[in-house]
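Enquirer: structure for this input, please:
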Amino acid sequence: MLLADAMLEYRDRRPTAERFFGQAFRLQSEGRFADAEDFYRRSIALYPTSEAYTFLGWCLSFQDRHEEAIQLCKRGIELDPEYGNPYNDIGAYLIQLGRVEEAIPWLERAKAARRYDCHHYPFYNLGRVFEMLGKFDEALREYRGAIDRAKERNVEYRHAITAAARVEAILKRSRA
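Expert: Numbering: from 1, shown residues only. Okay, here's the model as predicted:
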């Protein structure tokens, strides 16, 4: 088989892989994580994408399989280093594992990613990290960054608004 024929055959797999991905996402949103995992893995087997690896990791995180989720996100980054979701997700999983300082470089990379629709998430997560570390000025800066990024998408990000108000109150008390 010629290389051009092999590439065409490979590209022909993409629509089926995308259908499997869509099915996986629907199953995951219904809380059917084992079934969703199966369909994400089928999608990856046919046509691996950064999105499929990242979303499979997200699915596993709902099952407290954070270390596996981190490895899958790293595979997603290998495929597309410009895709922001896996960086943020790694940071979020590290926070859940109590390894908050390890999360910082991942979240910073998510903030800098070129291909990322929801840039407010890494700002919010970084705010959480700084708040946990008692670095309230930095936390407030990140929460405000999350609010601003959400506004750019015409979204009101209530979690960030609430967190910013909480940290502002802490700072106000500490400076009084």
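
Enquirer: now for residue 18: which residues touch it?
Expert: By Cβ atoms under 8 Å, 6 or more residues apart in numbering, residue 18 lies in contact with 43, 47. C-beta coordinates here come from the backbone N, C-alpha and C atoms, glycine included.

Enquirer: what are the buried residues along the helix or strand hosting it?
Expert: Using DSSP states H and E, residue 18 sits within helix 14-29. Buried residues in helix 14-29, counting neighbours by 16 or more other Cβ atoms under 10 Å, are found at 17, 18, 20, 21, 23, 24, 25, 27, 28.

Enquirer: closest one of these to residue 119?
Expert: Residue 119 lies nearest to residue 25 out of those, by Cβ to Cβ, at 20.9 Å.

Enquirer: wait, the closest one sits on residue 52?
Expert: No - at 10.0 Å, residue 25 does not count as touching residue 52 under the criterion of Cβ atoms under 8 Å.

Enquirer: which elements pack onto whichever helix or strand comes after the helix holding residue 18?
Expert: Following helix 14-29 in sequence order, the next helix or strand is helix 33-46 (DSSP H and E). The helices and strands touching helix 33-46, judged by 3 or more Cβ pairs under 8 Å, 6 or more residues apart in numbering; DSSP states H and E, are helix 14-29, helix 50-61.

Enquirer: buried ones in helix 33-46, by neighbour count?
Expert: So helix 33-46, judged by 16+ other Cβ under 10 Å, has buried residues 33, 35, 36, 37, 38, 39, 40, 42, 43, 44, 46.

Enquirer: redo the residues you listed as a markdown table? Include distance to residue 109 and pLDDT.
Expert: What follows is these, written out as a markdown table (distance: Cβ to Cβ, whole Å; pLDDT from 0 to 100):
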| residue | distance to residue 109 | pLDDT |
| --- | --- | --- |
| 33 | 27 | 97 |
| 35 | 32 | 98 |
| 36 | 26 | 98 |
| 37 | 26 | 98 |
| 38 | 30 | 98 |
| 39 | 28 | 97 |
| 40 | 23 | 98 |
| 42 | 29 | 97 |
| 43 | 25 | 97 |
| 44 | 22 | 97 |
| 46 | 28 | 94 |
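
Enquirer: thanks a lot, catch you later.
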